[in-house]
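Engineer: Could you look at this predicted model? Sequence included:
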Amino acid sequence: MSLPRLWLVVPAAGQGRRMGADRPKQYLDLNGQPVLAHTLARLHGAYPQASLCLCLDEEDAWFDPAWVPFADWRRVAGGDERVDSVTRALDDLAGLAAAEDLVLVHDVARPCVHPMDLRRLLDILLDERVGALLAAPVADTMKRADDAGRVASTESRAGLWHALTPQGFRYGMLCEALAAARRAGIAVTDEASAIEALGLAPRLVAARRDNLKITHPEDLQLAAVILDAQAQERDFVIED
């Protein structure tokens, strides 16, 4: 049986205003390269056979195609929100992607995702019909706040997970889920939530906690430390 084709969707149209920088966070320097370049290199190391859809702002003045290591890639106009960019990428693949093809969506601001996690996720997705996402069990005590910013209650963390990326689903199912959520007016914060709205339960794939999402200024420094530490691991391999 032939393996399904693999498509990567990387939303990278955000402005990252919480960083307070002079450019979007995906173009900030991280160990001598922009964040975007690190992220794409990490994905290519695990999935060199994949085709990439890179969602960029139409007026993006920072992007350099030299940062893209994939032989087969396309630039797609990003939307106002992450879900808009993903939807545009899926629309762009109409007529190219088959219903059973795999689509993995990964945050451009997650350059530290580990190659072992990426490969394990794909192995699981080959046999997982509903789809799967990298995730990490919640380790901290969870507090619910009231309107005044005070603790209203302590929530049980049993069964709670942090949703990470990539998140992977069959092309046809993901298109159906996002379209249904849009018709129902459901807010989609990640691809898994759209699949859940169909009454389905994606699989959680336990992943390393160093799959950091760069959101605040201090995250950039932490990501640099993580990349350096990962490079020192004896079994760490970026390229096949």
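Structural biologist: Received the coordinates, thanks. Numbering: from 1, shown residues only.

Engineer: okay, now residue 146: neighbour count?
Structural biologist: Here the number of neighbours of residue 146 (other Cβ atoms under 10 Å) works out to 9. Glycine gets a C-beta too; all of them are placed from N, C-alpha and C.

Engineer: List the residues that contact it.
Structural biologist: Contact analysis of residue 146 by Cβ atoms under 8 Å, 6 or more residues apart in numbering lists residue 152.

Engineer: Could you pull up phi and psi at it?
Structural biologist: phi -90, psi -180 (degrees, to the nearest 10).

Engineer: dump the residue contacts of the nearest residue to residue 20 once chain neighbours are set aside.
Structural biologist: Leaving aside its sequence neighbours, residue 20 sits nearest to residue 217 (Cβ to Cβ, 6 or more residues apart in numbering; 6.5 Å). The contact partners of residue 217, by Cβ under 8 Å, 6+ apart, come to 19-21.

Engineer: Model confidence for the residue with the largest distance to the centre of the chain, exactly?
Structural biologist: What lies farthest from the middle of the chain is residue 148; by Cα atoms, centre = their mean that is 32.9 Å. With respect to pLDDT, residue 148 has a value of 95.

Engineer: that's a strand at residue 168, yeah?
Structural biologist: Yes: the assignment for residue 168 is a strand, going by DSSP: H, G, I helix; E, B strand; the rest coil.

Engineer: which residues pair with it across the strands?
Structural biologist: residue 104, residue 132 (DSSP bridges).

Engineer: need the strands for the chain, in chain order.
Structural biologist: Along the chain, counting by DSSP state E, strands occupy 6-12, 29-30, 33-34, 51-56, 73-77, 102-105, 132-137, 142-145, 151-155, 161-170, 203-206.
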